[in-house]
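Asks: I need the structure of the sequence given here:
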Amino acid sequence: MSALDTVVLVEGESDRVALHAQARRLGRDLALEGVQVLAMGGITNTRSLARRHGPLGAGRRLAGLYDSPDERRLRGGLAAAGLPGAATGALEALGFFGCSRDLEDELIRALGVDRVAAVVAAAGETASLERLARMPAQRDWSREAVLRRFLGSRSGRKARYARLLVEALEPAAAPPPLAALLAHLAPVA
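Replies: Have a look, this model is predicted:
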C-alpha cells in the first residue's frame, strides 16, 4: 500500500462513490495509489479540510471535484488554506475540476435520460420515479429535471445511483470533470 500523499476533496458522498466507481472501472485502486477521497459534507467545509490536509497542514497534494456554481466559495477556501494561485488561477491546473451543475447532472447528460431511466428501472424504482413525475409540482418539468429531483429525494439515493450510473457508462464516456480528475491523479510511470 502506498503512503497517503494526495487528498481529493469532493462535496458529498455521492461524488466520492462515483469517483471510486469510475476508478475501479479503469482498473485503478485510488487507496493503493496513495489517494484519499474525502466527502466534505458541503462546499463550506473546503477551508477547514484544505487547511488540515494541504500546504498549511499535513502538506499533502490536494485535488477535487466541485459544483461550478460554488466556484467562488471553493476558491476562497483553497486560498485561505494556502494553495498558491487558488484565488485567481486556473483551478484545473491546481487539480480541481468543475461540474456544470453537479456530478449527478453530468452523469445524466453523459448517459442520456433514457439510459438513466433504464438504470432506475433495473433498480426496481420506476414506480417511484413515475409517481414523482405525476406530482403537481413536477408535471411540467423536463424528464431531466424530474430525474435530478428523484436522485436527491431519498436519503442515500444519490450515492446508490452514483455507482449505478457510473457502472452504466461506457468506460471511456465518463463525464469530463470526472475523467479529468482521474487523469490528473494518474500515477506517474
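
Asks: which residues are in contact with stretch 91-101?
Replies: Stretch 91-101 is contacted from outside by 61-69, 71, 74-75, 78, 83, 85-86, 105-106, 175-178, 180-181, 184-185, using Cβ atoms under 8 Å, 6 or more residues apart in numbering. (Each C-beta comes from the backbone N, C-alpha and C, glycine too.)

Asks: ok, 7 Å please
Replies: 62-69, 71, 74, 83, 85-86, 105-106, 177, 180-181, 184 (Cβ atoms under 7 Å, 6 or more residues apart in numbering).

Asks: Any regions of the chain where pLDDT drops low?
Replies: 1-3, 189 (pLDDT under 70).

Asks: what residues go with each domain of it?
Replies: Structurally, the chain divides into domains by automatic domain parsing as follows: 6-101+175-185, 104-168.

Asks: Can I get these in TSV including mean neighbour count?
Replies: Below are the domains of the chain laid out as TSV (neighbours: other Cβ atoms under 10 Å):
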stretch	mean neighbour count
domain 6-101+175-185	18
domain 104-168	16
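
Asks: Could you name the helices and strands sitting against the biggest strand by length in the chain?
Replies: For the chain, the longest strand by residue count, based on DSSP state E, is strand 61-67. Counting by 3 or more Cβ pairs under 7 Å, 6 or more residues apart in numbering; DSSP states H and E, the packing neighbours recorded for strand 61-67 are strand 6-10, strand 96-99, helix 176-185.

Asks: Relative to Ala123, which of the ones you listed is closest?
Replies: The closest of the helices and strands packed on strand 61-67 to Ala123 is helix 176-185. By Cβ to Cβ, the value is 20.7 Å.

Asks: one step back: indicate which one of the helices and strands packed on strand 61-67 is closest to Arg115.
Replies: Using Cβ to Cβ, these put helix 176-185 closest to Arg115, at 16.4 Å.

Asks: Helices along the protein, start to end?
Replies: Assigned by DSSP state H, the chain shows helices spanning 13-25, 46-53, 71-80, 103-111, 113-122, 126-134, 143-151, 157-168, 176-185.

Asks: show me what contacts Leu111?
Replies: By Cβ under 7 Å, 6+ apart, the residues touching Leu111 are 165, 168-169.

Asks: Find the nearest non-adjacent residue to Tyr66, please.
Replies: Spatial nearest neighbour of Tyr66, chain neighbours left out: Leu74 (4.8 Å); criterion: Cβ to Cβ, 6 or more residues apart in numbering.
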